[in-house]
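1. turn this into a model:
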Amino acid sequence: MKKFLAIFLIGMVVIVGALFFHRWSEALLQGESPSQDQASERSLPQRDKRITESGRTAPVSNGSTGILLVNASNQLPQNYKPVELLRLYEQKGRHFQLAESDIEVCATVFDAMERMFAAAGRDDVSGFIITSGYRSFAEQAEIFATDKNGNAARPGTSEHETGLAFDVTAYGKKNFERTPQFAWLSKHCAEYGFIIRYPQGKEDVTGYPYEPWHYRYVGSPAAKEIMDKGIALEEYLEQS
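-> Prediction:
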């Protein structure tokens with residue numbers, strides 16, 4: 001009798017476990033959220049969800065914005081690589097030039113870049129040259145190791161490792177800040193979701209010198225507020 005009861009109890013445990021596993025599996029297949037962590041990830045804006053889908057989740061500043069913050073205090077993991085990287089050289093009919101043929105950015109960033117530079121062209125402002133985009137941890141490490149001026153970011157702390165940033169210049173111009181191209185970008189970049197990531201006068205906040213050539217994608221609502229207020233991304237995230 002005791003043996004029969006033991007077998008019966010074991011069988012009930014197996015059945016209950018199987019039912020629980022079946023319901024959990026169905027929830028995953030149907031896109032339901034069986035955990036709080038999955039729910040918070042799905043609430044991120046689509047551009048940031050694309051980043052986390054790689055399984056290499058980088059630090060996010062706060063849940064209300066979903067904006068990725070990368071600096072000396074918010075470091076990316078060494079194996080981080082964004083998904084949906086596009087090689088810009090392969091994108092035909094683009095409204096900007098390239099300094100090198102292997103420059104990549106995230107697909108969302110390229111779409112915004114293309115709309116932005118096309119709009120600049122309609123305003124008779126052209127001649128933009130993209131000089132840098134995505135860099136891997138190893139590539140950033142090499143730049144850091146060979147930097148003689150002390151300006152390069154440590155690997156894991158460069159925005160270029162996110163695929164969300166690019167550097168730009170203008171043909172034949174050494175001082176980008178004094179060009180019509182910079183004047184147009186500084187006025188209109190926020191309309192397309194970009195900010196000047198390291199603005200003048202915010203060196204103590206960002207930890208970097210002023211870089212008028214470095215643009216970061218954060219989405220239009222955030223970009224407009226940041227640029228209108230003349231603040232750094234760090235300050236915007238602290239206020240959000």
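2. C-alpha only now, for contacts and for neighbours.
-> Noted.
3. and the gap between residue 84 and residue 163?
-> Counting by CA to CA, to the nearest Å, the separation of residue 84 from residue 163 is 9 Å.
4. on the three-state scheme, residue 83 is what?
-> Secondary structure, DSSP: H, G, I helix; E, B strand; the rest coil: residue 83 is coil.
5. pretty sure residue 208 is touching residue 198, no?
-> Yes - here residue 208 reaches residue 198: they are 6.5 Å apart, a contact under CA atoms under 8 Å.
6. between these two, tell me which one has more neighbours.
-> Taking other CA atoms under 10 Å, residue 208 and residue 198 do not tie; residue 198 has more neighbours (23 against 18).
7. list residues touching both of residue 84 and residue 163?
-> residue 106 (CA atoms under 8 Å, 6 or more residues apart in numbering).
8. okay, which residue is most central for this protein?
-> Taking CA atoms, centre = their mean, the centroid of the chain lies closest to residue 164, which sits 3.9 Å from it.
9. got the contact list for that one?
-> For residue 164, the contacting residues are 105, 106, 109, 133, 134, 216, 217, by CA under 8 Å, 6+ apart.
10. now swap in residue 201 and tell me
-> residue 210 are the contacts of residue 201 under CA under 8 Å, 6+ apart.
11. if you average pLDDT over the helix or strand harbouring residue 221, what comes out?
-> Per DSSP states H and E: residue 221 is located in helix 220-229. Averaged over helix 220-229, pLDDT sits at 97.
12. can you list contacts of it?
-> 190, 191, 192, 193, 194, 195, 196, 217, 232, 233, 236.
13. what's the first helix or strand after that helix?
-> With secondary structure assigned by DSSP H and E, helix 220-229 is succeeded by helix 233-239.
14. how about that following helix: buried residues?
-> Across helix 233-239, burial judged by 16 or more other CA atoms under 10 Å covers 233, 234, 236, 237.
15. kindly report the same for stretch 220-236.
-> In stretch 220-236, counting by 16+ other CA under 10 Å, buried: 220, 222, 223, 224, 226, 227, 230, 231, 232, 233, 234, 236.
16. stretch 85-101 too?
-> For stretch 85-101, burial by neighbour count (16+ other CA under 10 Å) applies to 85, 86, 87, 88, 95, 96, 97, 98.
17. thought residue 217 was touching residue 196?
-> No - Residue 217 is not in contact with residue 196 according to CA under 8 Å; the separation is 9.3 Å.
18. pLDDT, distance to residue 115 and secondary structure added to the buried residues of stretch 85-101, as TSV?
-> Below are the buried residues of stretch 85-101 laid out as TSV (pLDDT from 0 to 100; distance: CA to CA, whole Å; DSSP: H, G, I helix; E, B strand; the rest coil):
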residue	pLDDT	distance to residue 115	secondary structure
85	97	18	strand
86	97	16	strand
87	98	17	strand
88	98	14	helix
95	97	8	coil
96	98	11	coil
97	97	14	strand
98	98	16	strand
